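Student: Got a predicted structure plus its sequence, pasted below:
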Amino acid sequence: MIKNRIRLLPVLLLAVWVLAGCGHQVASADKASDGRLQVVTTLFPQYDFARQIGGDHADVSLVLLPGMESHMYDPTPGDMIRISEADMFIYTGAEMEPWAQELADSVDMSKVKVVDASSGVSMMKEEDEEHEHAEAEEDSAHAEEDSHDHSSHHHEHTYDPHIWLDMQNAIQMVKNIEDAFCEADPANAETYKANAEAYIEKLEALDSELKSITAGGNRRDVVFGGRFAYGYFIHGYGLEYESVYDSCSADTEPSMAQMANVINYMKEHHVKYILYEELSTPNVARAIADATGAQMLMFSTCHNVTKDEFESGVTFIDLMQQNADTLKKALE
């Protein structure tokens with residue numbers, strides 16, 4: 001499906017050239033007279049990082065509309081015009097956003113600074129995450145068999161793209177964006193550095209809190225009943241997990257055997273909570289909760305927010321603090 005969307009990009013780029021041809025000079029003049037960096041980001045984490053660093057010196061916008069699911073997003077000609085008119089375009093690499101990588105490769109880099117916020121982060125293969133499972137060997141064999149059955153259908157990502165769920169990775173992303181701001185606008189570099197330093201302190205504090213919650217919990221395992229996008233979080237905070245899904249792909253549903261494995265695990269290990277992701281209809285998690293008597297808890301992947309959250313000015317720190325509170329409850 002992603003390949004089909006990527007094939008449409010040349011057509012959309014042609015639309016950009018046609019639509020933007022008459023308005024380019026006006027947009028450039030507006031940008032120059034304002035003096036603020038015009039920054040376009042694709043997902044909520046780098047959107048929030050950029051606005052925290054840019055402060056009053058940058059206008060930061062988000063391509064992905066609040067409430068939209070990022071994995072199935074189709075760029076529009078309007079998106080491409082906005083990116084081509086910006087000072088800076090920030091995305092998180094080809095693994096999360098193949099469509100954004102194609103856009104990044106298509107812009108005039110002499111006019112738009114393209115920033116891969118994932119630069120310097122060690123990517124984790126989705127297949128490797130299976131080693132973190134807290135399941136019995138025979139259940140692992142079933143999961144591996146199911147994974148092989150599904151591999152030809154849904155392996156859109158070789159690597160887990162949700163790097164920001166480990167706060168050390170989030171800090172690396174902030175540093176990448178800080179460097180880009182300083183290069184693009186040296187006159188305000190000291191402000192960007194100070195803003196980034198203050199924000200990194202908050203991320204470090206949150207990192208310490210999450211590690212403390214894990215260390216102080218009565219258990220180390222959590223169970224996910226939604227799309228699995230938490231490999232970096234699990235690995236970064238020393239947790240074990242069970243998941244009814246193999247990955248964050250939206251192309252497949254779990255088999256009855258996978259659901260039975262998770263239900264049996266929860267009953268045998270007295271798991272009281274099952275987690276699911278935001279912006280989803282948690283039918284699978286609800287079915288497992290009904291079968292086990294567990295309570296459902298939302299655990300955000302932070303890739304996007306609802307319209308109400310966006311309009312209220314919610315931050316990445318807010319979302320991760322909510323996750324910290326959820327984790328503390330899940331490890332009771």
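Tutor: Good, I have the coordinates. Being a predicted model, the structure only gives us computed values, none of them experimental.
Student: since we're on C302, how many residues are nearby?
Tutor: For C302, the count of nearby residues is 23 (other Cβ atoms under 10 Å). Glycine gets a C-beta too; all of them are placed from N, C-alpha and C.
Student: Let me know whether it touches F49 as I believe.
Tutor: No - C302 is beyond contact range of F49, at 11.1 Å (criterion: Cβ atoms under 8 Å).
Student: okay, and the common contacts of those two?
Tutor: Residues touching both C302 and F49 by Cβ atoms under 8 Å, 6 or more residues apart in numbering: F316.
Student: which stretches of the stretch 1-150 of the chain form helices?
Tutor: Secondary structure of the stretch 1-150 of the chain (DSSP state H, counting those that start in this stretch): helices at 2-7, 9-20, 24-34, 44-54, 77-85, 98-106, 137-154.
Student: that's a strand at Q322, yeah?
Tutor: No - using DSSP: H, G, I helix; E, B strand; the rest coil, the assignment for Q322 is helix, not a strand.
Student: Spatially, and excluding backbone neighbours, which residue is closest to F310.
Tutor: Sequence neighbours aside, P66 is the residue nearest to F310 in space, at 3.9 Å (criterion: Cβ to Cβ, 6 or more residues apart in numbering).
Student: In the stretch 151-300 of the chain, mark out all the strands, start to finish.
Tutor: 159-160, 221-224, 240-243, 273-276, 295-298 (DSSP state E, counting those that start in this stretch).
Student: re earlier: okay, now the residue nearest to F310: neighbour count?
Tutor: 16.
Student: I'd assumed G313 was in contact with it.
Tutor: No - P66 is beyond contact range of G313, at 11.8 Å (criterion: Cβ under 8 Å).
Student: Can you list the buried residues in the longest helix along the chain?
Tutor: Of all segments of type helix in the chain, defined using DSSP state H, the longest is helix 189-216. For helix 189-216, the neighbour count (16 or more other Cβ atoms under 10 Å) marks 191-192, 195-196, 199-200, 202-203, 206-207, 209-210, 213-214 as buried.
Student: for stretch 95-105, same thing?
Tutor: Neighbour-count burial for stretch 95-105 [16+ other Cβ under 10 Å]: 95-104.
Student: Can you list the low-confidence ranges for the stretch 201-332 of the chain?
Tutor: 248-251 (pLDDT under 70).
Student: whoops, I mixed them up, the stretch 51-200 of the chain
Tutor: Ranges of the stretch 51-200 of the chain meeting pLDDT under 70: 70-72, 96, 126-158.
Student: switch the cut-off to 50
Tutor: 129, 131-132, 134-157 (pLDDT under 50).
Student: need the buried residues of helix 189-216 in TSV with distance to N264, can you?
Tutor: Shown next, in TSV, are the buried residues of helix 189-216 (distance: Cβ to Cβ, whole Å):
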residue	distance to N264
T191	55
Y192	52
N195	49
A196	47
Y199	43
I200	43
K202	40
L203	38
L206	34
D207	34
E209	33
L210	29
I213	27
T214	25
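Student: quick one: which of these is nearest M296?
Tutor: I213 (19.5 Å; Cβ to Cβ).
Student: Could you report the separation of that closest one from K307?
Tutor: 30 Å (Cβ to Cβ, to the nearest Å).
Student: now swap in G226 and tell me
Tutor: In terms of Cβ to Cβ, G226 sits 21 Å off from K307.
Student: again, but for E183
Tutor: 33 Å.
Student: got it, and A215?
Tutor: 37 Å.
Student: Could you do E102 as well?
Tutor: For E102, the distance to K307 - Cβ to Cβ - is 27 Å.
Student: do the same with M296
Tutor: Separation of M296 from K307 (Cβ to Cβ): 22 Å.
Student: and those two? which has more neighbours close in?
Tutor: M296 (16 against 11).
Student: what's the burial count for the closest residue to that one other than its chain neighbours?
Tutor: The shortest distance from M296 to any non-neighbouring residue, by Cβ to Cβ, 6+ apart, is to A289 (5.0 Å). Using other Cβ under 10 Å, A289 has 20 neighbouring residues.
Student: which residues sit in contact with A289?
Tutor: The contact partners of A289, by Cβ under 8 Å, 6+ apart, come to 225, 274, 295-296.
Student: Pop the domain breakdown of the chain in here.
Tutor: Domain segmentation of the chain under automatic domain parsing yields 2-117, 124-164+202-330.
Student: Reformat the ones you listed into CSV and put distance to M173 next to each item.
Tutor: What follows is the domains of the chain, written out as CSV (distance: least, Cβ to Cβ, whole Å):
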stretch, distance to M173
domain 2-117, 4
domain 124-164+202-330, 6
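Student: Which one of the ones you listed lies nearest to K175?
Tutor: Using Cβ to Cβ, the domains of the chain put domain 2-117 closest to K175, at 9.6 Å.
Student: May I have the distance across stretch 177-194, first residue to last?
Tutor: With Cα to Cα, to the nearest Å as the measure, the first residue of stretch 177-194 is 13 Å from its last.
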